[in-house]
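In: Give me the fold of what follows.
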Amino acid sequence: MKNYDTVIIGGGASGILAGIYLNDPHSIILEKNNILGKKLLITGGGRCNITNNSTLKEYINSYYNSGNYFRPAFNRFFNKDIIELLEDNGCKTKVEDDNRVFPVTNKSKTVLNTLINILDNKKTQYKLNCNVNSITRNDNQFIIDYNNTCISANNIILATGGLSYPETGSTGDGKRFAVALGHKNTKNMGGLSPIKIEETWINKLQGITLPVKLEFKANNKSIVKDSGSIVFTHNGISGFVIMNNSMTIERHLRKNKEVILNMDVTPDYTYESLYKTLQDDFQKHPTQGLKRYIHKYLPKNMVEIFLEQINIDQTTKLNQVTKKDRVKIRDSLKRIRLTVVDVLENESQVTNSGIKRKEISPDTCESKIVPHLYIVGELIEGCGICGGYNLQKAFSTGVLAATSIKSRR
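Out: Residues are numbered from 1 along each chain as shown. Predicted coordinates for the structure are as follows:
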């Protein structure tokens, strides 16, 4: 049986960085896909939101009350480090809105090819199409069974990812391995997920994007107030502002609470200013059609459905709109009420259902349950908001695990 110093299970963002920083001929990455970094290719809408250029303090506040846990990893390898690593190897980057960092090519493949080229020039080996069946512990050695072959290792780095985008190979293997070795099993929970809405009329709005203010209530108690751009989907709503709050929403749904979304589609107006604007415009343009006028506030292909929902004839002229209907238009633009029935974990960008942080040392990423087992990336409970924070978590924890192993030798 061949023995390795370290076997990295998974060749995604965490695994590749771990391999680069191990730089060890006696270590190997086992990747189940026929390419490394398959999930990297679809991040950032295919553009790869590499990291976020925010300060460490802003990072700490971007991980749902878990940011401080990742401080040692960020102190070891942070946004400036991944940017420098890529730029020094020919992948130029740029900073866009909200400090999001992308390759100047706007192609994820550029980032992936650069990382693979760096890895190819290191001593760490990697092997593709390796389906790991099990990992067991025997006399201070790990036995890895893959493709009907067994190898042993002094150290294991679990870098398999979570459950998001299973078509890229993230099928929960790492969590299964960790639990089999002694870690506590946890409930699966989506991280950055769209939501499903009960009212089916919004399905007709699929693809429409608009800026909104929103408030989520659970059993009539406000739980989230936020604003941003949303996009209607085939069965609900997505967008950064939705996904960033999805874990809070899911927590209340799991308690069987009624979760209501009140959505303001005219966030630049107050109730008073919107009503006055409606009054003034109706007087100035009395013969204008209502359907054409409402387009001032809503995308054109949303107007007809909006008026249908509030039972006002779209062919009505402005001078035919009653005061009662004018109030109804105002109130409906300021407050569309929708019922949230689910958080779509199977469509989440990342999962938040990994191994409990309390079972993993934040200073090394080594398991507190199983010596020489290191857990990195999405497998560590606690995801960040949209904007490159989760990829940085993957890079940083991969590097921390690798450097911890090296310093231990």
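
In: ok, and for stretch 271-288, which residues are buried?
Out: 274, 275, 278, 282 (16 or more other C-beta atoms under 10 Å). Any C-beta I mention is one placed from the backbone N, CA and C, and that applies to glycine too.

In: Let's have these in TSV, adding pLDDT, secondary structure and distance to residue 2.
Out: Shown next, in TSV, are those (pLDDT from 0 to 100; DSSP: H, G, I helix; E, B strand; the rest coil; distance: C-beta to C-beta, whole Å):
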residue	pLDDT	secondary structure	distance to residue 2
274	98	helix	71
275	97	helix	76
278	97	helix	76
282	96	helix	80
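
In: now, which of those residues sits nearest residue 388?
Out: Minimum distance to residue 388 across the buried residues of stretch 271-288 is 36.0 Å, recorded for residue 274 (C-beta to C-beta).

In: The closest one touches residue 333, doesn't it?
Out: Yes: counting by C-beta atoms under 8 Å, residue 274 touches residue 333, with 6.6 Å between them.

In: if I look at those two, which residues touch both of them?
Out: Common contact partners of residue 274 and residue 333 (C-beta atoms under 8 Å, 6 or more residues apart in numbering): residue 266.

In: hmm, back to that, any chance of the buried residues of stretch 271-288 in TSV, plus distance to residue 188?
Out: Formatted as TSV, the buried residues of stretch 271-288 follow (distance: C-beta to C-beta, whole Å):
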residue	distance to residue 188
274	42
275	46
278	47
282	52
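
In: List just the nearest of the residues you listed to residue 373.
Out: Nearest to residue 373 among the buried residues of stretch 271-288 is residue 274, at 58.1 Å by C-beta to C-beta.

In: Quick check: that closest one vs residue 340, distance?
Out: To residue 340, residue 274 is 25 Å away according to C-beta to C-beta, to the nearest Å.

In: beta partners for residue 231?
Out: Counting by DSSP bridges, residue 231 is bridged to residue 209, residue 238.

In: Report the contact partners of it.
Out: Contacts of residue 231 by C-beta under 8 Å, 6+ apart are 207, 208, 209, 237, 238, 239.

In: Going through these, which ones are buried?
Out: The buried subset of those (16+ other C-beta under 10 Å) comprises 208, 237, 238, 239.

In: Closest to residue 100 out of these?
Out: Nearest member of the buried ones among the contacts of residue 231 to residue 100, counting by C-beta to C-beta, is residue 239, at 14.8 Å.

In: Please report how far that closest one lies from residue 194.
Out: Residue 239 sits 8 Å away from residue 194, going by C-beta to C-beta.

In: Ok, residue 68 next?
Out: 28 Å.

In: The two: who's more crowded?
Out: Neighbour count, other C-beta atoms under 10 Å: between residue 68 and residue 194, residue 194 has more, with 26 against 11.

In: so that one sits right up against residue 234, yeah?
Out: No: here residue 194 does not reach residue 234: they are 10.0 Å apart, not a contact under C-beta under 8 Å.
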